[in-house]
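Chemist: sharing a sequence plus its predicted fold:
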Amino acid sequence: MSTSSRHFGLSKSKITSFEQCSKRLWLQTHRPGLAEVDLGAETRFAAGHEVGEAACALCPGGVMVEADPDLLAALEQTQELISSTLEAPLFEATFAHDGVLVRVDIMEPDSDGGWHVAEVKSSTSRKDYHVADLATQLWVLREAGVHVSSASIRHLNNQFLLAEEGLYDGAFVDTPSLDEAKIIAMRRPKLVAEIRAALAGPEPARDPGQHCSDPFPCEFLAYCSREIEPIRYPIASLPRTGKQLAAKWAERGVVELEDVPPGSFTNATHARIHQAILAGVPYHDENGARRIIDTWTYPRTYLDFETIAFALPRWLGTKPWEQVPFQFSAHIEDCEGQIVHREFLSLDGSDPRRACAEALVETIPNEGAVIAYNAAFERTCVLRLADRFPDLEKDLRAIASRIVDLLPVTREHWYHPDQHGSWSIKAVLPTISEQGDYSALRVSDGLAAQLAYLEAISPVTSLNRLAEIDRDLRTYGGKDTFAMIEVLRHLIGMN
């Protein structure tokens with residue numbers, strides 16, 4: 001055992017980084033200052049910590065291994081606990097082998113003298129890299145002489161409904177993973193040697209690719225892409241199967257859509273994109289769009305929600321990671337083209353659903369189309385509110401029944417090469433409006449809206465800052481729904 005915690009150079013997270021990309025771990029180790037800021041990292045870490053605490057709380061009598069004053073103390077305490085006659089769950093039990101240190105989320109003693117190891121995750125299903133994390137722990141535990149009789153990924157149960165505030169019995173599911181992890185664990189000694197050799201050498205050479213986002217977005221993507229000549233219209237930008245098509249065309253030395261011969265794509269959407277790029281002008285089927293949109297009756301309500309999702313549900317009747325609306329924006333247009341704006345926003349941290357449901361019923365007209373962009377999301381939000389509040393159910397279901405989707409109409413009848421394969425409203429709007437840029441907004445996308453909400457409900461947020469967040473969220477919500485009006489009018493030739 002090393003005499004100083006600084007000698008524990010590797011961990012399960014570092015091994016995961018290496019398995020994703022050797023260059024990523026090398027940069028994390030030697031040039032961490034090159035990393036881009038990940039705005040959601042702190043929130044994900046906090047969610048993971050909260051989930052871990054809840055999982056431990058469901059194991060009564062457990063002992064937390066403390067890294068106080070350092071990891072050496074955690075190693076020594078773990079050894080004492082493992083060697084004792086104590087039969088209680090251990091949390092963050094700490095082991096090291098060959099310079100690899102692991103802290104095991106939960107270890108539970110079983111009846112035959114072995115241990116069940118649970119790797120706790122905040123997702124609602126087991127992922128491949130979860131098993132790899134578990135494998136690293138099993139290897140170190142085996143070398144430490146610890147008998148592991150069973151092991152699992154303990155993840156959130158997507159069927160769990162919070163019935164009592166703070167009560168999470170049934171919130172976790174164990175997916176047995178010992179056999180799969182054991183196979184991976186056998187290869188850990190060789191992998192660790194490869195990692196050490198890579199870290200001791202020069203910066204690895206590896207071009208950006210699919211591995212840059214699987215299983216995690218890499219914080220060094222901008223650095224690794226700095227000297228690569230950008231592809232103007234990459235084949236990989238084609239929706240759905242673009243990456244597979246890009247791989248096939250790359251075998252012929254073709255990466256640009258402009259270099260693909262005309263008529264090469266059988267998929268109708270791909271063919272439209274390709275034709276627009278070759279022609280250098282947008283594809284626009286105004287008559288086709290009008291045939292659909294003319295059936296949408298007035299008054300037309302353009303509706304968009306902003307939602308927040310917690311790993312552990314906070315409000316009764318919600319599930320892990322359930323999207324709960326805390327804001328909506330609604331632009332309402334009459335048959336003469338007159339438009340009024342209505343909105344709802346809750347930033348006090350309490351359950352926003354009742355107030356949101358009541359505001360919807362009060363705000364949205366009793367007739368006319370309710371227009372959304374990717375309507376499945378808005379419809380789901382409304383129907384969940386209907387399920388939750390029986391006294392408002394009839395009105396809410398009536399709203400849901402009138403929701404129509406602008407996204408597929410846009411996808412079928414408009415494409416500008418500058419969309420780069422995306423029909424998100426933030427990709428489409430700049431191609432049809434000079435007011436399409438979101439970059440000047442302090443809240444400019446859904447993730448930023450969620451982070452703003454979390455900041456707003458924090459007890460340390462000042463009243464002045466809360467007022468700023470309120471204004472920023474209202475500005476963003478209003479822009480999103482007015483953007484739908486601009487897109488719709490452009491599709492039918494009104495702009």
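Modeler: Looks like it came in fine.
Chemist: got a pLDDT number for residue 185?
Modeler: The confidence metric pLDDT takes the value 98 at residue 185.
Chemist: hmm, it is touching residue 138, no?
Modeler: Yes - Residue 185 is within contact range of residue 138, at 4.5 Å (criterion: Cβ atoms under 8 Å). Heads up, the C-betas are built off the backbone N, CA and C, glycines and all.
Chemist: which residues do the two both contact?
Modeler: Common contacts of residue 185 and residue 138 (Cβ atoms under 8 Å, 6 or more residues apart in numbering): none found.
Chemist: residue 237: what's it in contact with?
Modeler: Shown in contact with residue 237 (Cβ under 8 Å, 6+ apart): 257, 420-422.
Chemist: now, which of these sits nearest residue 403?
Modeler: Compare each of the contacts of residue 237 with residue 403 using Cβ to Cβ and the shortest gap goes to residue 422, at 22.3 Å.
Chemist: wait, a helix at the closest one?
Modeler: No - counting by DSSP: H, G, I helix; E, B strand; the rest coil, residue 422 is located in no helix; its state is coil.
Chemist: for it, grab the count of nearby residues.
Modeler: Other residues lying near residue 422 total 12 when counted by other Cβ atoms under 10 Å.
Chemist: cool, and the one 5 residues further on?
Modeler: Other residues within reach of residue 427 by the criterion other Cβ under 10 Å amount to 15.
Chemist: three-state assignment of it?
Modeler: For residue 427, the secondary-structure state derived from three-state DSSP is helix.
Chemist: tell me which residues touch it, please.
Modeler: The neighbourhood of residue 427, defined by Cβ under 8 Å, 6+ apart, consists of 419-420.
Chemist: ok, now the one 3 residues further on?
Modeler: For residue 430, the contacting residues are 418, 436-437, by Cβ under 8 Å, 6+ apart.
Chemist: which of those lies closest to residue 36?
Modeler: The shortest gap between residue 36 and any of the contacts of residue 430 belongs to residue 437, at 21.1 Å (Cβ to Cβ).
Chemist: which strand or helix spans the spatially closest residue to that closest one that is not a sequence neighbour?
Modeler: Sequence neighbours aside, residue 430 is the residue nearest to residue 437 in space, at 6.1 Å (criterion: Cβ to Cβ, 6 or more residues apart in numbering). With elements taken from DSSP states H and E, the one containing residue 430 is helix 425-432.
Chemist: before we move on, what about residue 244?
Modeler: With elements delineated by DSSP H and E, residue 244 resides in helix 242-250, which encompasses its position.
Chemist: state the next helix or strand along the chain beyond that helix.
Modeler: Next helix or strand after helix 242-250 toward the C-terminus (DSSP H and E): helix 268-279.
Chemist: hmm, who's touching the helix or strand that that following helix is followed by?
Modeler: Taking DSSP H and E as the definition, the helix or strand that follows helix 268-279 towards the C-terminus is strand 283-284. Under the criterion Cβ under 8 Å, 6+ apart, residues 272-273, 275-276, 413-416, 491 lie in contact with strand 283-284.
Chemist: parallel or antiparallel, list what pairs with strand 283-284.
Modeler: Based on DSSP bridges, the pairing partners of strand 283-284 within the sheet are strand 414-415 (antiparallel).
Chemist: pull out the buried residues from the longest helix along the chain.
Modeler: Assignment by DSSP state H gives helix 463-491 as the longest helix of the chain. Using 16 or more other Cβ atoms under 10 Å as the burial criterion, the residues of helix 463-491 that qualify are 466, 468-469, 472-491.
Chemist: let me see the confidence value for residue 85.
Modeler: Predicted confidence (pLDDT) for residue 85: 86.
Chemist: okay, now it: neighbour count?
Modeler: Residue 85: 4 surrounding residues under other Cβ under 10 Å.
Chemist: highest neighbour count among the contacts of residue 430?
Modeler: For the contacts of residue 430, counting by other Cβ under 10 Å, the largest number of neighbours falls to residue 436: 17 neighbours.
Chemist: where do the strands of the stretch 201-350 of the chain begin and end?
Modeler: 283-284, 300-308, 324-333, 339-345 (DSSP state E, counting those that start in this stretch).
Chemist: in CSV, list the ones you listed along with mean pLDDT.
Modeler: Rendered in CSV, the data for those read as follows (pLDDT from 0 to 100):
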stretch, mean pLDDT
strand 283-284, 97
strand 300-308, 98
strand 324-333, 98
strand 339-345, 98
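Chemist: which one of those strands lies closest to residue 452?
Modeler: Of the strands of the stretch 201-350 of the chain, nearest to residue 452 by Cβ to Cβ is strand 300-308, at 9.0 Å.
Chemist: and the closest one, what does it pack against?
Modeler: Of the remaining helices and strands, those touching strand 300-308 by 3 or more Cβ pairs under 8 Å, 6 or more residues apart in numbering; DSSP states H and E are strand 324-333, strand 370-372, helix 375-388, helix 446-457, helix 463-491.
Chemist: what's the first helix or strand after the third one?
Modeler: What it means is helix 375-388. helix 393-401.
Chemist: hmm, who's touching that next one?
Modeler: Counting by Cβ under 8 Å, 6+ apart, 357, 360-361, 364, 366, 370, 379, 382-383, 385-387, 389 sit against helix 393-401.
Chemist: hmm, back to that, relative to residue 288, which of the contacts of strand 283-284 is nearest.
Modeler: Ranking the contacts of strand 283-284 by separation from residue 288, with Cβ to Cβ as the measure, puts residue 413 on top at 5.0 Å.
Chemist: can you pull the contacts of the closest one?
Modeler: Here residue 413 is in contact with 284-286, 288-289, 491 (Cβ under 8 Å, 6+ apart).
Chemist: just the buried ones from those residues?
Modeler: Using 16+ other Cβ under 10 Å as the burial test, these include 284, 289, 491 as buried.
Chemist: give me phi/psi at the spatially most distant residue from the centre of the chain?
Modeler: For the chain, the residue at maximal distance from the C-alpha centroid (Cα atoms, centre = their mean) is residue 85, at 43.1 Å. Recorded main-chain torsions at residue 85 are phi -90, psi 0, according to degrees, to the nearest 10.
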